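# A structural model of the following input is requested.
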Amino acid sequence: MNDKKQTLVLFNTLNKTLESFKPINEIVKIYTCGPTVYRDAHIGNMRTYLLSDTLKKTLIHIGYKTLHVKNITDVGHMRQEMLDQGEDKVIAAAIKEGKTPQEIASYYTDKFLKDEKSLNINPPDYMPKATDHINEMLEMIDILIQKKIAYEVNQNVYFDISKSKNYGILSGNINNLNTLNNEEIDPNKLNARDFALWKSADKDRSLKWASKYGPGFPGWHIECSAMSKKYLGEYFDIHTGGVDNIFPHHEGEIAQSEGCFSKKHVNYWVHGQHLLSEGIKMSKSKQNEYLISDITSRSMDPLAFRYLCLMTNYRTRLNFTFSSLRAAQKGLNKLRHLYWLYQNDNSVPLPFKTSLNMNSIKIWTKKIDLALLNNLNTSKVLSSLWELTKSNLTSKEKVYIFDYIDPVLSLDFKKYHEKFNLTSIPQIEYKKREQFRKEKKFTLSDKKRKQYYKQNIKFFDRQNGNFLVKKMSNFETDINTNHISGSTDVRSLLHSKNKKKLSVCLIADEYLKDFNRCLKSVINNVPNQISYEILIAFNGVNIKNQNQIKSNYKSNGNLKYFYIDPACGAGAVRNILIKQSTGENLILLDTSIEITGNIFEEIITDLKDQNIGLTGPFGLKTNDLNHFHENSISKEYVDAIQLYLLALRRNTLMKVGLFRENFRFYRNLDIDFSFQVKNENFKLLSNPNIPIKRHVHSVWENTHEKTRDELSKDNYKRFLTKWKNYKHLLIN
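Below is the predicted model of the structure:
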């Protein structure tokens, strides 16, 4: 089918346009920035490696030979400002885990390779380690020094970006470099925007190497330049990575390599977009990352994630949820099952080849190739496969086309066909069920079906016979729909009539002592005359603790439970409970709060004033949006109500909307929501006199100080970005 190579069109970040791929030589040379092996790669990282894998397999599909290099960074500095401070993530991880840097790098390299294998990502031809190529890096640094493109200061070597006429060509970002705090700026640099090629090392540093500049370690960018040169040469075809790599990493690579070798470095730069979670780029620092192990631990196939990624163009952001992954698993299972049915369809006579209409097949393979070669439009390839399943082609012709494209998609249709082994059961049982069907005793027939289903044997009833098949591992078992993984998994009841006077929303997490204290205080203080419901979100709580809570309160019929797995962020989990509430009035209660008296009647009374949008005991005021302070001891209008206890009428939400879900951490979510409410001309009433006791906030206290500060700042930036021009909403 590929006697003449077809033309692949790719978006080239270098020229910001779609371009027809033209190889330099017969073998297409590809370099991929690999992982920094100080921790597990999350699935956002893996999406980038799926891109390079799909690209390579597409090139092979149309007849090219490839030479692929993917490096391992086992010297772990990543961001330039961290490098300027001498921070090394591999060393930091080794200290934390009580291992050597080499042990840490080896351990996480092995885990990375296993994760790639589970996604059917083919290994590269070479996977060089940075620490094995220090000499090559120093050779390049020497050349850059000789050419006066780099300079040495106090045993540190820096690249002088003023000597690179094309610096910024890839990103167009030269005037928008990261602004460093004064204490973070390296005083040795001639220009703050210069970047390190070699850094001097303290005598106690474990990862360091001898050089003419003194003992030290390499900069981030020089590693890839040196390794790509060794295995692919000074000039090669394609460089892949995530959009995060464009600046400054790939910008630095171009500057170094072209400065060193005085020629163009790479023809095509191909970058994959971010994988998001709850609308935020997936990352450890945002506490919204997921690993391959998070997929397999929920009895889902890693290839369902591959399928999910193939459904979206690599240049488009993809918001990951476990709901979308479950949907992908179902779709993949269906395609595999259809493939199995085609393989077991005996309506087409053998021999296999003589029964094929190659003209019909070519129409479909051409359609599939046109999609694939149009900037790797795998989503259209998949939609073509689904169209194929509904076509009038024979089963064998459909199998041929599945087999034609699966080397690129790598969804293992043929492999899973082999797992669908026909299972023999006693003929008397087979005939018994068949007799039930003939006599239209479908209840008894279904009973037999369920009986064998529990034994992992599934019946497939066909017009031309009764198939029996052993189920295809746990990936084909019914996907658990009991668990919620995001607010889109639940329907909104906000339009429905009020069924209760009061809805109280609580979130159960790992701090069960806090939760039980809070829940008991609610139950003990709600007056008998108030109809109420308590909505409880098990936000990543294990089954043992779920059962313990349910057992403790099984006599209370006012409790409604929601099983959330994996744990959602602060905005999303509250939206789940809000959408499912049916009370006229709604109280969002943090488990650090203990109710010590009847707060409910006063809250309900305050909310009868239709001008009041929010009320609670902890109000905040501000004059400038930069500094918020708690109000006095008196009841008064404020600029924000804190999330420890926040109450509103349910119908208010129809006007103001839900919480913003990109606030994963709880801090500053309340002021953001408060401004949503104020923007709809509602007032916020603080009532500090209602009977409650505030305990230590366990989430805050048990989150590392640096982490909570960073997350709080990120949330505040989100708030300020949206509301900085709304000072007219302030009380003063």
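
# how's this structure carved up into domains?
Recorded structural domains for the chain (assignment: automatic domain parsing) are 13-281, 298-419, 427-471, 487-729.

# Ok, which of those comes nearest Tyr290?
domain 13-281 (5.3 Å; Cβ to Cβ). Any C-beta I mention is one placed from the backbone N, CA and C, and that applies to glycine too.

# Run through this structure and note the low-pLDDT ranges.
1-4, 76-87, 173-184, 346-354, 417-430, 456, 459-482, 632 (pLDDT under 70).

# coming back round to it: out of the domains of the chain, nearest to Gln6?
Evaluated with Cβ to Cβ, those place domain 13-281 nearest to Gln6, the distance being 4.8 Å.

# Any chance of JSON lines for the domains of the chain, columns distance to Thr7 and mean neighbour count?
Below are the domains of the chain laid out as JSON lines (distance: least, Cβ to Cβ, whole Å; neighbours: other Cβ atoms under 10 Å):
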{"stretch": "domain 13-281", "distance to Thr7": "5", "mean neighbour count": "19"}
{"stretch": "domain 298-419", "distance to Thr7": "7", "mean neighbour count": "18"}
{"stretch": "domain 427-471", "distance to Thr7": "42", "mean neighbour count": "13"}
{"stretch": "domain 487-729", "distance to Thr7": "40", "mean neighbour count": "18"}
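
# Now Leu444: phi and psi?
The phi and psi values for Leu444, taken as degrees, to the nearest 10, are phi -70, psi -40.

# Look up the closest residue to Arg491, ignoring the ones flanking it.
Lys579 (7.2 Å; Cβ to Cβ, 6 or more residues apart in numbering).

# May I ask you to confirm that the one you found belongs to a helix?
Yes. Lys579 sits within a helix when classified using DSSP: H, G, I helix; E, B strand; the rest coil.

# close enough to count as contact, it and His495?
No. Between Lys579 and His495 there is no contact under Cβ atoms under 8 Å: 10.4 Å.

# all strands of the stretch 251-400 of the chain, in order?
Here the stretch 251-400 of the chain has its strands, by DSSP state E, counting those that start in this stretch, at 266-272, 275-277, 280-281, 318-320.

# I should have written the stretch 601-732 of the chain there, sorry.
612-616, 619-622, 628-630, 636-638, 640-641, 645-649, 683-686, 692-694.

# and the last one, what does it pack onto?
By that I understand strand 692-694. The helices and strands touching strand 692-694, judged by 3 or more Cβ pairs under 8 Å, 6 or more residues apart in numbering; DSSP states H and E, are strand 593-595.

# what's the strand it packs on packed up against?
Here strand 593-595 touches helix 512-525, strand 692-694, going by 3+ Cβ pairs under 8 Å, 6+ apart.

# Quick one: those as CSV, columns for distance to Arg437 too.
Shown next, in CSV, are these (distance: least, Cβ to Cβ, whole Å):
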stretch, distance to Arg437
helix 512-525, 51
strand 692-694, 64
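
# Could you tell me how far the residue of the chain most remote from its centre is located from Arg449?
When distances are taken from the C-alpha mean of the chain, Glu439 lies farthest, 51.5 Å away, according to Cα atoms, centre = their mean. Distance, Glu439 to Arg449, using Cβ to Cβ, to the nearest Å: 15 Å.

# Would you confirm that Lys56 contacts Lys29?
No. With contact defined as Cβ under 8 Å, Lys56 does not reach Lys29; the gap is 10.9 Å.

# Common neighbours of those two, please.
With contacts defined as Cβ atoms under 8 Å, 6 or more residues apart in numbering, the residues shared by Lys56 and Lys29 are Thr66.

# measure the spatially closest residue to Asn611 that is not a sequence neighbour to Val270 for me?
Counting by Cβ to Cβ, 6+ apart, Lys683 is the residue found nearest to Asn611 once chain neighbours are left out, at 5.3 Å. Taking Cβ to Cβ as the measure, Lys683 falls 53 Å from Val270.

# Now Pro691: closest residue in space, sequence neighbours ignored.
Pro691 sits nearest to Gly597 (Cβ to Cβ, 6+ apart), 3.1 Å away.

# ok but that neighbour is inside a helix, no?
No. Membership of Gly597 in a helix is not supported by three-state DSSP, which gives coil.

# Contact partners for it?
The contact partners of Gly597, taken as Cβ under 8 Å, 6+ apart, are Asn525, Ile690, Pro691, Ile692.

# Spit out the contact partners of Val198.
Heads up, residue 198 is Trp, not Val. By Cβ under 8 Å, 6+ apart, the contact list for Trp198 reads Met137, Leu138, Ile141, Asn156, Val157, Ser211, Tyr213, Gly216, Phe217, Pro218, Gly219, Ile222.

# Can you say which of the strands of the stretch 251-400 of the chain is nearest to Asn626?
When those are compared (using Cβ to Cβ), the closest one is strand 280-281, at 23.4 Å.

# Contacts for that closest one, please.
Contacts of strand 280-281 (Cβ under 8 Å, 6+ apart): Gly44, His274, Leu275, Lys286, Asn288, Asn662, Arg664.

# wait, isn't the second one in contact with Lys286?
What it means is His274. No. Contact between His274 and Lys286 fails when scored by Cβ under 8 Å: they sit 11.4 Å apart.

# Need the nearest residue in space to Ser698, chain neighbours excluded.
Of all residues not flanking Ser698 in the chain, Tyr511 sits nearest, at 4.1 Å (Cβ to Cβ, 6+ apart).

# Who are the packing partners of the helix or strand where Glu584 lies?
In the assignment (DSSP states H and E), Glu584 maps to strand 583-589. Helices and strands touching strand 583-589, by 3+ Cβ pairs under 8 Å, 6+ apart, are strand 500-508, helix 570-580, helix 600-606, strand 645-649.

# What is the third one packed up against?
In this case it means helix 600-606. Counting by 3+ Cβ pairs under 8 Å, 6+ apart, helix 600-606 packs on strand 500-508, strand 583-589, strand 612-616.

# Can I get the ones you listed in a markdown table including distance to Ile72?
As requested, these are exported to a markdown table (distance: least, Cβ to Cβ, whole Å):
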| stretch | distance to Ile72 |
| --- | --- |
| strand 500-508 | 40 |
| strand 583-589 | 46 |
| strand 612-616 | 52 |
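
# Just tell me which of the ones you listed ends up closest to Phe236.
Evaluated over the helices and strands packed on helix 600-606, closeness to Phe236 peaks at strand 500-508, with 51.8 Å, by Cβ to Cβ.

# Hmm, Ser531 is touching Leu502, no?
Yes. Ser531 lies in contact with Leu502 (Cβ under 8 Å); the separation is 7.1 Å.

# Ile238 in helix, strand or coil?
Using three-state DSSP, the three-state assignment for Ile238 comes out as strand.

# Do I have it right that it meets Ile24?
No. Applying Cβ under 8 Å, one finds Ile238 not in contact with Ile24, separated by 10.0 Å.

# Now do the contacts for the nearest residue to His697 once chain neighbours are set aside.
Nearest residue to His697, sequence neighbours excluded (Cβ to Cβ, 6+ apart): Ser592, at 4.5 Å. Shown in contact with Ser592 (Cβ under 8 Å, 6+ apart): Asp514, Cys518, Tyr644, Arg694, His695, Val696, His697, Ser698.

# so the first one sits right up against Ser698, yeah?
Yes. Asp514 lies in contact with Ser698 (Cβ under 8 Å); the separation is 5.5 Å.

# who touches both of these two?
With Cβ under 8 Å, 6+ apart, Asp514 and Ser698 have common neighbours Thr591, Ser592.

# thinking again about what came up before, for Lys432, see how far away the residue farthest from the centre of the chain is.
According to Cβ to Cβ, Glu439 and Lys432 sit 11 Å apart.

# just Val526 next, same as before
In terms of Cβ to Cβ, Val526 sits 57 Å off from Lys432.

# Same check on Arg660?
58 Å.

# Sounds good, over and out.
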